[in-house]
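Chemist: below: sequence and its predicted model.
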Amino acid sequence: MEYKVLKFGADWCGPCSVLHKKLEDFNDCEVVKYDVDEIEEDLLEKYRIRNIPVTLLVDGNENELHRWVGLFDVNEISEIIKNLKNND
């Protein structure tokens, strides 16, 4: 199964910038970065984005598998993907 990371943030958000840098070298799956000031409201509603930064791990159908709010260790994403693949 394919996985994707969706990162919601904004240029003016300090924690978002820190997380953005941490995800620059992440290569376990595709990372899509969204600026909440520049995307459609529908996407924010779909994923219930209320705060930033929010990072989601989604499957190939874009179903949410895991959610992180705020800063976190990006290695957690790798561990979750590894566990999901072992359970496939």
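Modeler: All right, it came through fine.

Chemist: hang on, residue 44 in a helix?
Modeler: Yes: the assignment for residue 44 by DSSP: H, G, I helix; E, B strand; the rest coil puts it in a helix.

Chemist: mind naming the longest helix for the protein?
Modeler: In the chain, assigned by DSSP state H, the helix with the most residues is helix 75-87.

Chemist: pLDDT averaged over that helix - what is it?
Modeler: The average pLDDT for helix 75-87 rounds to 91.

Chemist: which elements pack onto that helix?
Modeler: With contacts taken as 3 or more C-beta pairs under 8 Å, 6 or more residues apart in numbering; DSSP states H and E, helix 75-87 sits against strand 3-9, strand 54-59, strand 64-69. C-beta here means a position set from N, CA and C on the backbone, and glycine is covered the same way.

Chemist: what's the spacing between residue 57 and residue 33?
Modeler: 14 Å (C-beta to C-beta, to the nearest Å).

Chemist: where does the chain dip in pLDDT?
Modeler: Applying pLDDT under 70 to the chain flags no residue at all.

Chemist: still on that earlier bit, of residue 57 and residue 33, give the one with the bigger neighbour count.
Modeler: Remark: of residue 57 and residue 33, residue 57 carries more neighbours, 20 against 16, as counted by other C-beta atoms under 10 Å.

Chemist: ok, the more buried one - contacts?
Modeler: 3-5, 64-67, 77, 80-81 (C-beta atoms under 8 Å, 6 or more residues apart in numbering).

Chemist: which strand residues bridge it?
Modeler: For residue 57, the beta-bridge assignment (DSSP bridges) gives partners residue 5, residue 66.

Chemist: ok so, going back, closest to residue 85 out of the helices and strands packed on helix 75-87?
Modeler: Closest of the helices and strands packed on helix 75-87 to residue 85 is strand 3-9, at 8.6 Å (criterion: C-beta to C-beta).

Chemist: whichever helix or strand comes after that closest one: how far from the chain's middle?
Modeler: Helices and strands here follow DSSP states H and E; after strand 3-9, the next one along the chain is helix 14-24. Helix 14-24 has its C-alpha centroid displaced from the chain centroid by 11 Å (C-alpha atoms, centre = their mean, to the nearest Å).
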